[in-house]
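> here's my sequence, what's the structure:
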Amino acid sequence: MFDQIQERLNSIFRNLSKKGKISESNISDALRDVRRAMLEADVNFKVVKKFISSVHEKSIGQKVLNSITPSQQFVKVVKEELITLLGTEPDKIKIKKSGITKILLVGLQGVGKTTTAAKLACFLKRERQLDSVLVAADCKRPAAVKQLKLLAEQNKISFFSSNDESAINVVKKSMDYAFSESKKVVIVDTAGRLQEDQSLMLELKEIAKIVDPDEILFVADAMTGQDAVNSSKVFSEVLDLTGIILTKMDADTRGGAAVSIREITGKKIKFVGNGESINNLEVFNPSSMASRILGMGDIISFVENAKNLFDSEQSKNNQNKLFDGSFNLTDFENQLNQFNKMGSMDSIIKMLPIKGVKKIGNIEEKKLIWMNAILSSMTLYEKQNPSSINGSRRKRIALGSGRSVFEVNQLLKQFSQMKTMMKKMKNNKGIFPFNFK
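Model prediction:
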């Protein structure tokens, strides 16, 4: 995420830090490079102009030039202004205290509305303990109805559709269904439409009138940059949008849409989609996003992601097993599977404020893959009794996993060393890295 702009900005900051003393001229040169980097990242030129002007005004004052660490102070000013640009504070989704909360998802074709609808329902179920009903109102694309139904079934979420060809009639019936089933939230997945198609835009206005939504969320593809910004602006002129969801953020190397969209539309980003998994939807946090853009990592999102995906009871049980010596390879495999739920090693490490993340991520990713392959080739007895894995068993495991005997030996050695180390740390509770409470 944001690889392109991260590299450019980090290079600018490094060059500035090499200066013995920072002058107004140095800052102007750095800001010229920042301007170029933002424009190349597809940030709206009006947004860039306003951002650079604000940073320049604060940087040339006594706050930076007379600072003990002027280059660090300059980076701090850039980050503060970036946070302001992104929206300052997270904007939570509005949920009624009583009655049905109605959410309408709108946007262009192919931006991921259907998947986002299911992700949002899972998020509300997981974070707010709210039961939702997913309404398939995309009558233009039959596959969308099947896709939403499948996602609903897989995640045990209520689903409503109708054979009626009119999206307006489907929505009317869905409201009656939600009321009869006492659902707390209704999420309506509408058909993707181009802003130039007046008939479809009028239909969307009619749907909004019928639903009377508490939230109208514009779903935009982050990878489309300024196209996402421009289309959201047009939709906001037709509908009273309450927020934006940016999808495919994990594949966006530039960040133009994320940086520009709030300033241009006046609408805050509420959620971002960071992957294909149903759990890859997170509340948009301007401070965390600014840290990511500047290559400073995002510890907050890392911890939140871990809390959501890790089974805390299982992790606590595994920690106890580690300390009393009963932790076996089955427990170790379960821990690896929980860790894998967080996404690729590359995406995880990028959330951490450390250097050389690309290299580390690539190495660890491969290692996790072959470790899983080796563990999958073991029998249940072998996993529960690691000491039984003799030479012949190791050869069989290596053959079954497609790895070498050396790698099998390496995994078993590391497992043994980990157990030994943890036994020595019995008096230092709470150190197990996978125990998120």
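> can you pull out the strands in the stretch 151-300 of the chain?
All strands of the stretch 151-300 of the chain, identified by DSSP state E, counting those that start in this stretch, fall at 158-160, 185-190, 215-221, 243-247, 269-273, 281-283.
> could you pull up the mean pLDDT of the longest one?
The average pLDDT within strand 215-221 is 93.
> list the helices and strands it packs on?
Applying 3 or more CB pairs under 8 Å, 6 or more residues apart in numbering; DSSP states H and E, one finds that strand 215-221 contacts strand 101-107, helix 226-238, strand 243-247, helix 256-265. C-beta coordinates here come from the backbone N, C-alpha and C atoms, glycine included.
> how close does Cys139 get to Gln109?
Relative to Gln109, Cys139 is positioned 14 Å away (criterion: CB to CB, to the nearest Å).
> mind checking which of the two has more residues around it?
In terms of neighbours (other CB atoms under 10 Å), Cys139 is the more surrounded of Cys139 and Gln109; the figures are 21 against 13.
> what does the pLDDT read for that one?
So Cys139 comes in at 82 (pLDDT).
> correct me, but it touches Ala191?
Yes: at 6.5 Å, Cys139 counts as touching Ala191 under the criterion of CB atoms under 8 Å.
> picking up where we left off before, overlap of the contact sets of Cys139 and Gln109?
Shared contacts of Cys139 and Gln109 (CB atoms under 8 Å, 6 or more residues apart in numbering): Ala191.
> okay, and the beta partners of Thr190?
Ala137 (DSSP bridges).
> what's the burial count for Ser387?
Under the criterion other CB under 10 Å, the count of neighbours that Ser387 has is 9.
> distance of it relative to Gln410?
17 Å.
> can you pull the phi and psi angles for the nearest residue to Ile5 once chain neighbours are set aside?
Nearest non-adjacent residue to Ile5, counting by CB to CB, 6 or more residues apart in numbering: Ala41, 4.1 Å away. With angles defined as degrees, to the nearest 10, Ala41 sits at phi -80, psi 10.
> what about Leu82, helix or strand, and which?
Following DSSP states H and E, the helix or strand that holds Leu82 is helix 70-86.
> convert the C-alpha atoms of that helix to PDB, please.
Below are the C-alpha coordinates for helix 70-86, written out as PDB (Å, rounded to 0.1, in the frame of the first residue of the first chain):
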ATOM      1  CA  PRO A  70      14.500  20.600  12.500                       C
ATOM      2  CA  SER A  71      14.200  17.800  10.000                       C
ATOM      3  CA  GLN A  72      12.200  15.700  12.400                       C
ATOM      4  CA  GLN A  73      10.000  18.700  13.200                       C
ATOM      5  CA  PHE A  74       9.400  19.200   9.500                       C
ATOM      6  CA  VAL A  75       8.200  15.600   9.200                       C
ATOM      7  CA  LYS A  76       5.900  16.200  12.200                       C
ATOM      8  CA  VAL A  77       4.300  19.200  10.500                       C
ATOM      9  CA  VAL A  78       3.800  17.200   7.300                       C
ATOM     10  CA  LYS A  79       2.200  14.400   9.200                       C
ATOM     11  CA  GLU A  80      -0.100  16.800  11.200                       C
ATOM     12  CA  GLU A  81      -1.300  18.500   8.000                       C
ATOM     13  CA  LEU A  82      -1.800  15.200   6.300                       C
ATOM     14  CA  ILE A  83      -4.000  14.000   9.200                       C
ATOM     15  CA  THR A  84      -6.100  17.200   8.900                       C
ATOM     16  CA  LEU A  85      -6.400  16.600   5.200                       C
ATOM     17  CA  LEU A  86      -7.600  13.000   5.700                       C
END
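> give me the below-cutoff pLDDT ranges for the chain.
Flagging of the chain using pLDDT under 70 yields the residue ranges 1-2, 20-22, 61-70, 195-196, 252-254, 296-316, 318-319, 322-325, 339-365, 422-437.
> mind listing what the closest residue to Ser166 other than its chain neighbours touches?
Nearest non-adjacent residue to Ser166, counting by CB to CB, 6+ apart: Cys139, 6.9 Å away. Applying CB under 8 Å, 6+ apart to Cys139 gives the contacts Val145, Asp164, Glu165, Ser166, Ala167, Val170, Ala191.
> among those, which one has the most neighbours?
Ranking the contacts of Cys139 using other CB under 10 Å puts Ala167 first, with 24 neighbours.
> assess the claim that it and Glu203 are in contact.
Yes: applying CB under 8 Å as the test, Ala167 and Glu203 come out as touching, 6.5 Å apart.
> which residues of the stretch 51-200 of the chain fall in helices?
Taking DSSP state H, counting those that start in this stretch, the helices of the stretch 51-200 of the chain run over residues 62-65, 70-86, 113-128, 142-154, 167-180, 198-211.
> turn those into TSV, including distance to Ala290.
TSV is the format used below for the helices of the stretch 51-200 of the chain (distance: least, CB to CB, whole Å):
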stretch	distance to Ala290
helix 62-65	18
helix 70-86	4
helix 113-128	22
helix 142-154	32
helix 167-180	38
helix 198-211	33
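> please tell me how far the residue nearest in space to the middle of the chain sits from Met249.
When CA atoms, centre = their mean is applied to the chain, the residue found nearest the centroid is Asn274 (3.4 Å). Per CB to CB, Asn274 is found 5 Å from Met249.
> coming back round to it: which one of the contacts of Cys139 sits closest to Leu375?
Nearest to Leu375 among the contacts of Cys139: Val145, at 39.7 Å, using CB to CB.
> and the residue lying closest to that closest one once chain neighbours are set aside, how many neighbours?
The shortest distance from Val145 to any non-neighbouring residue, by CB to CB, 6+ apart, is to Ala136 (4.3 Å). Counted by other CB under 10 Å, the residues lying close to Ala136 total 27.
> likewise for Asp29?
Residues within reach of Asp29, counting by other CB under 10 Å, total 15.
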